[in-house]
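Visitor: I need the structure of the sequence given here:
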Amino acid sequence: MKEKIHPQYQATTITCACGEVIHTRSTKQNIKVEICSKCHPFYTGKQRFVDSASRIERFKMKQDAASKVKTVKKQKEEKKEEHQPQTLREMLQALKR
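Guide: Got it, this is the predicted structure:
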C-alpha cells in the first residue's frame, strides 16, 4: 500500500436518536443516526412514522393547495362555458355590447 493516501481507521461511536450507542471502527468519528436496528420498524415489528423536517405536513399542505387550485380552475372553466355564445346571433349581440 502507498503511504499517506489512506484515511485513518479509528474507533468510533454511533449514537442513535433513541439513545442506543454502538462502538465500532470507522474513518469518521462520533456518527449520529436517526434510526438503528433497535428502533427500526422492520426489526421491532412496530409501525412508527419517522417525520424528519415535517415532510408529512408539507406533503399534506401541497396536496391541499393543489386541490384548491384544481377547484378554482374548474369553476373558471364552468363560468367561461356559461358565457359562451351558442349561436351566431348571440355572438353578434356580444360584440355590440
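
Visitor: all strands of the protein, in order?
Guide: Secondary structure of the chain by DSSP state E: the strands cover 10-16, 21-26, 31-33.

Visitor: deepest of the ones you listed, which one?
Guide: strand 10-16 (a mean of 14; mean count of other Cβ atoms under 10 Å). Bear in mind the C-beta positions are built from the backbone N, C-alpha and C, glycine included.

Visitor: what packs against that one?
Guide: Contact partners of strand 10-16 among helices and strands, from 3 or more Cβ pairs under 8 Å, 6 or more residues apart in numbering; DSSP states H and E: strand 21-26, strand 31-33.

Visitor: Show me how far the longest one is from its chain's centre.
Guide: Average the C-alpha atoms of strand 21-26, do the same for its chain, and the two points are 31 Å apart (Cα atoms, centre = their mean, to the nearest Å).

Visitor: Please apply the same query to stretch 30-39.
Guide: Worked out by Cα atoms, centre = their mean, stretch 30-39 lies 21 Å from the chain centre.

Visitor: Could you chop this structure up by domain?
Guide: Domain ranges of the chain: 1-48, 51-97, per automatic domain parsing.

Visitor: Redo those as CSV? Include mean pLDDT.
Guide: Shown next, in CSV, are these (pLDDT from 0 to 100):
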stretch, mean pLDDT
domain 1-48, 86
domain 51-97, 83
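
Visitor: helices or strands up against the lengthiest helix in the chain?
Guide: As assigned by DSSP state H, the longest helix anywhere in the chain is helix 55-82. Using 3+ Cβ pairs under 8 Å, 6+ apart as the contact test, no helix or strand touches helix 55-82.

Visitor: still on that earlier bit, minimum distance to Cys39: which of the helices and strands packed on strand 10-16 has it?
Guide: Closest approach to Cys39 among those (Cβ to Cβ): strand 31-33, 9.9 Å.

Visitor: hmm, who's touching the closest one?
Guide: Thr12, Thr13, Ile14, Thr15, Cys16, Ala17 (Cβ atoms under 8 Å, 6 or more residues apart in numbering).
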